[in-house]
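**Q** Here's a sequence, model it:
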Amino acid sequence: MARKRKKNMIDTAAGEAVRALADAAVAVAKLRNDIPDRELIDGITKDGSTRGDGLVVLNDLLDKLALSGRVYAQHDDVMITNEANTKFKLLAVDGRAEQKAGAALMNIVAGVQYRPNPSTGEIESWEFRIPDSICDQLFAMDRCMVNLPAVTTYATHSVFDADFRLHGPGYHADQKILVQGLDVHPNVAALPSVPRSAARTVPEAVDRLPHHLRRLLKDFDWAGPVDLTNTLGTLLMGLLMNHFVEDGHPAIFIRGNQPSIGKSLLAKAIGMIFDGRRVAAIKKSGDEEFDKLMCAMLKKRRRMVFLDNLRNQLDSERIEQMITSPTLLIRILGTNDFGEWPNDVLFVLTSNNLVAGRDLVSRNLVIDLYTEGDPKKRQAARKASKPLAYAALHRAEILGELAAMVLRWVDAGQPDGDLNTRFDRVSQVVGGILDVNGFPGFASNAEAAAVEMDDELQRVLELAEEIVAGKHGAEVMVQRGADASKAGHVASQWVAVFERLGLIDVRQQQDATAKSKSSRVGKLFSSYIDRRLTVDSGSQRHSVTIRKRSGSSGNKTFYFAEVEVIEDAAGGQAEGDAQHQAAAAAACSAAEVTAGVADAYTPTASAVHPAAGRDETSTPAAGSPKGWLRAAAAAANATAPTELNNDQ
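**A** Residues are numbered from 1 along each chain as shown. Presented below is the predicted three-dimensional model:
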């Protein structure tokens, strides 16, 4: 007789009721704890295999991620944001899945298997994270970077797009901008009126700053108004960094005339405004260690690299390459492959006496701090004002003032600033914004700073001093206008001098032939031909110009110096230098004319700013002497023949 089969609970009304109660309990728990629903995929197994066509399953998974509104492709990386859009985590770098990528995806999608319970016969669902092997396949798919929403600009504050319209937190698909962080609210009406002339002293320049920027920057010891202007320019570069990736942007060199003057504190305050977090100082290390650190920072989207208290010479080719390159090529941690990131990173370096290669010194923006006597007296004022804490507490307001300066420039018709740097876009935009807001002269100290920091040039100036002093014979020095038909030495006669002065690296040239050394001398001389150098000898100042001539047979080249006295012991002006003194004097007047650009800004009484998407009410536009004179001299150099001075 057949045994009667026991009825399974799943087939009873009680079973249905139990399942309904269980489902209700899950729903209540999700609501109570604000747990979002996630997508389930049943075509994947825990060991990474797929049921049916694997590409179909992967494409289904990719579509779910693309529609989630939380997964984005930025350059060669894939990132996932949290639900509040306040932070992100990388899922893949250069097509390689990051560790625990599947766990991060559990916020959006999970694998699921359905199987019967042997006791009850009820079909149960078992969820699991997406296996690592599936993540590897997914992020290596050709369609992955194409199908996901693209991000070209990521920032932790509101961003100006290419048309200088301001975009707040969230993803802006039309501009491919992702903002996680502060919503900046600019108010042009709150900006101070623009004076008719340039500030000639540091206190005068500080007084024309908006409220929060003045509170942040007032207690630093600026060498001159140009250094305060360059600091404002640095902050504007940070706000507008997405505009300066393709064409490049300068590194920031903060220098002091002595220790404990506030260089590191200023750099950290800039980092707080720029990056929204305390920026850790990096001590110079080997290139391999620096690459590892850079990779980790780029993966976290840290946007400021702070190299603190560099000593003497920046002799790392790797660091110089990164600073000057529009693209950062970094070895990916744990692999032999390289990742490529656009250079939207601000490099900030501090030093008291840094020298560097010519290519690097021409690609930086210099901020000088200067104080006489014991710096601890001024240190007390900075400690009391706590600029770093103030930057953290009032970051939104400070960015709002900077954004308002941008909008004032937009209202004025976006006039270009002077081209004082090698980066035309930075000079035009940042310099123009500063001009309109009453801070002319952005980067006007670039030429003078380059002279001080160019290691090779300093050695050439030393050579010029020796020539003027007669240490290399009368035949290598001729007075201006005198017969030079027999002047000079051939390159081989200069080799020993170049080695002694360090113009030829003896260590690297140990096995070099005499011919190759002579070639190096000729190459270096060629970069200074017809350039005017200024050196002091005894009680006189001389103009020294490197010249060359061909020998009678035309096979040899002779190098010599043309010398002219431009200032005597009493400080009197020599006739040949009159045009340079006149140009320097004219530079002061030119600076006032530059400041007059601000007068062109005449907004309506109630102006609407479509760039900010808000109604704003605008009002009409209404240091140390050493720093001002330095800026004037730099401006003079732009109109006078090239003159390089070792007396800075």
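
**Q** which stretches of the stretch 151-300 of the chain have low pLDDT?
**A** For the stretch 151-300 of the chain, the stretches with pLDDT under 70 are 284-287.

**Q** try the stretch 451-600 of the chain
**A** By pLDDT under 70, the weakly predicted segments of the stretch 451-600 of the chain are 506-511, 568-600.

**Q** mind listing the helices for it?
**A** 455-468, 491-501, 514-526, 578-595 (DSSP state H, counting those that start in this stretch).

**Q** is Asn364 in a bridge, and if so with what?
**A** The partner list for Asn364 in beta bridges (DSSP bridges) reads Ala251.

**Q** quick one, what contacts it?
**A** Residues near Asn364 by C-beta atoms under 8 Å, 6 or more residues apart in numbering: Pro250, Ala251, Ile252, Phe253, Ile323, Leu349, Ala449, Met453. Yep, even glycine has a C-beta here, placed from its N, CA and C like the rest.

**Q** For whichever strand or helix holds the fifth one, name the packing helices and strands.
**A** Assessed by DSSP states H and E, Ile323 sits inside helix 317-324. Packed against helix 317-324 by the contact rule (3 or more C-beta pairs under 8 Å, 6 or more residues apart in numbering; DSSP states H and E) you find helix 287-299, helix 358-361.

**Q** Buried ones in that helix, by neighbour count?
**A** Ile319, Glu320, Met322, Ile323, Thr324 (16 or more other C-beta atoms under 10 Å).

**Q** Just the terminal-to-terminal distance for stretch 431-443.
**A** End-to-end distance for stretch 431-443, by C-alpha to C-alpha, to the nearest Å: 8 Å.

**Q** go on, stretch 169-179?
**A** This stretch, stretch 169-179, spans 5 Å end to end (C-alpha to C-alpha).

**Q** what's the distance between stretch 222-239 and the middle of its chain?
**A** Stretch 222-239 sits 13 Å away from the centroid of its parent chain (C-alpha atoms, centre = their mean, to the nearest Å).

**Q** what does stretch 203-214 give?
**A** Using C-alpha atoms, centre = their mean, the offset of stretch 203-214 from its chain centre is 24 Å.

**Q** same deal with stretch 136-151?
**A** Averaging C-alpha positions (C-alpha atoms, centre = their mean) puts stretch 136-151 29 Å from its chain's average.

**Q** Please apply the same query to stretch 541-551.
**A** For stretch 541-551, the distance to the chain centre is 39 Å (C-alpha atoms, centre = their mean).

**Q** next one: stretch 148-163
**A** Here the centre of mass of C-alpha atoms in stretch 148-163, compared against the chain's by C-alpha atoms, centre = their mean, lies 16 Å away.

**Q** Of all the helices and strands packed on helix 317-324, which one is nearest His394?
**A** helix 287-299 (25.4 Å; C-beta to C-beta).

**Q** Not counting its own residues, what contacts that closest one?
**A** Counting by C-beta under 8 Å, 6+ apart, 77, 90, 93, 282, 284-285, 305, 316-319, 322, 328, 330-333, 339, 341, 345 sit against helix 287-299.

**Q** Mind doing that once more with 7 Å?
**A** Helix 287-299 is contacted from outside by 90, 93, 282, 305, 316, 318-319, 328, 330-333, 339, 341, using C-beta atoms under 7 Å, 6 or more residues apart in numbering.

**Q** what separates Glu246 from His185, distance-wise?
**A** For Glu246, the distance to His185 equals 29 Å [C-beta to C-beta, to the nearest Å].
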